[in-house]
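>>> Following is a predicted model, sequence given first.
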Amino acid sequence: ITLIGPHRDDLVLLLGDLPAKGYASHGESWSYALALRLASARLLRDESKTGDPIVILDDVFAELDAGRRDRLASLVADNEQVIITAAVSEDVPTSLKATVFEVSEGSVTRV
């Protein structure tokens, strides 16, 4: 275990004037985490000489209302590869439904 380095840095996120840790709701905390992941994907995309990273969204739309779903869809739509999992297909905005596969009882079917 090392005692110095970037893994030891603290990142303080504010919700207004208050620290998000301890004051943010579940949805707000979740949105902060998603925003940080999307920002890191954007940084990789902007700095990479080998192409876009693969963006994997594992059932994230279930946690969002319709407006936030649409905004998230617009944020990731221009990435080269976006892989989305969803327990309920209606949770995924139609703008992101390019090639859809359904997994049921151990079988994978293209829809």
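Cool, got the structure.

>>> how about residue 78, phi and psi?
Dihedral angles of residue 78 (phi, psi; degrees, to the nearest 10) stand at phi -90, psi 10.

>>> Next: residue 79.
Backbone torsions for residue 79, taken as degrees, to the nearest 10, come to phi -80, psi 150.

>>> which secondary structure elements does the longest helix belonging to the chain contact?
The single longest helix within the chain, with elements called by DSSP state H, is helix 26-47. If you count contacts as 3 or more CB pairs under 8 Å, 6 or more residues apart in numbering; DSSP states H and E, helix 26-47 packs onto helix 20-23, helix 66-76. For the C-beta atoms, the positions are set from N, CA and C on the backbone; glycine is no exception.

>>> Check which residues of the longest one are buried.
Pointing back at helix 66-76 there. Going by neighbour count (16 or more other CB atoms under 10 Å), the buried part of helix 66-76 is 69, 72-73, 76.

>>> Report the inter-axis angle for the longest helix of the chain versus helix 66-76.
Angle of helix 26-47 versus helix 66-76, following axes from the mean of the first three to the mean of the last three CA atoms, to 10 degrees, is 10 degrees.

>>> which other residues reach helix 26-47?
With CB atoms under 8 Å, 6 or more residues apart in numbering as the test, helix 26-47 has contacts from 13, 15, 20, 24, 52-53, 55, 60, 63, 68, 72, 75-76, 79.
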